[in-house]
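predicted model follows, preceded by the sequence.
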Amino acid sequence: MGYLSTQGGSISPATLKRALAYGTVVASYTIADFSLDAIKRTDRDQIDDRWHEYKTAMSFDPAGGKFGSPRSHGEHREIQESVSAFA
C-alpha cells in the first residue's frame, strides 16, 4: 500500500507489479531480522537500494540465452512485458 500511495492514483499493471516487488523487498527486512525491528531502522533509500538489487537479481535474458532454451515469439513477448514492468 505504501508504494501505491506514492503513485498519485495511477494503478496500471506495471504499477501493481512494481508495488508487489516493493512489498517483497520490505518483507525481506522482516525475514532477515525475524521481527519488525529491521523495518524500524530502515529508510526509503535503503529500501530503494534493495529494490534495485532485487530488480537486478530477477533480470534474465528474455530470449532464453544462457538461462534457458529459446522461446516462442508469444512467450518472448509475455516475458518481455513482465520484465519491462520493473524498468
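Yep, that arrived.

mind listing what's buried along stretch 23-35?
Neighbour counts over stretch 23-35 (16 or more other C-beta atoms under 10 Å) mark V25, V26, S28, Y29 as buried. C-beta: built from backbone N, CA, C; applies to glycine.

only alpha carbons, please: show that stretch as CSV.
Output of stretch 23-35 as CSV, limited to C-alpha atoms (Å, rounded to 0.1, in the frame of the first residue of the first chain):
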residue,chain,number,x,y,z
GLY,A,23,6.3,-5.3,-0.9
THR,A,24,8.7,-8.3,-1.3
VAL,A,25,11.7,-6.1,-0.6
VAL,A,26,10.1,-4.6,2.6
ALA,A,27,9.1,-8.1,3.7
SER,A,28,12.7,-9.2,3.3
TYR,A,29,13.8,-6.9,6.1
THR,A,30,11.2,-8.6,8.4
ILE,A,31,12.5,-12.0,7.4
ALA,A,32,16.2,-11.0,7.8
ASP,A,33,15.6,-9.9,11.4
PHE,A,34,12.8,-12.3,12.3
SER,A,35,10.9,-9.3,13.5
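
which residues sit against it?
G2, Y3, L36, A38, I39, T42, I47, R50, W51, Y54 (C-beta atoms under 8 Å, 6 or more residues apart in numbering).

which of the residues you listed are buried?
Y3, A38, T42, I47, R50, W51, Y54.

from the contacts of stretch 23-35, which ones fall inside strands?
Among the contacts of stretch 23-35, no residue falls in strands (DSSP state E).

for I39, what are its contacts?
Contacts of I39 (C-beta under 8 Å, 6+ apart): V26, Y29, T30.

I'd like those as TSV, with pLDDT and secondary structure appended.
As requested, the contacts of I39 are exported to TSV (pLDDT from 0 to 100; DSSP: H, G, I helix; E, B strand; the rest coil):
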residue	pLDDT	secondary structure
V26	90	helix
Y29	90	helix
T30	89	helix
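
distance to T15 added to these, as JSON lines?
Shown next, in JSON lines, are those (distance: C-beta to C-beta, whole Å):
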{"residue": "V26", "distance to T15": "16"}
{"residue": "Y29", "distance to T15": "22"}
{"residue": "T30", "distance to T15": "23"}
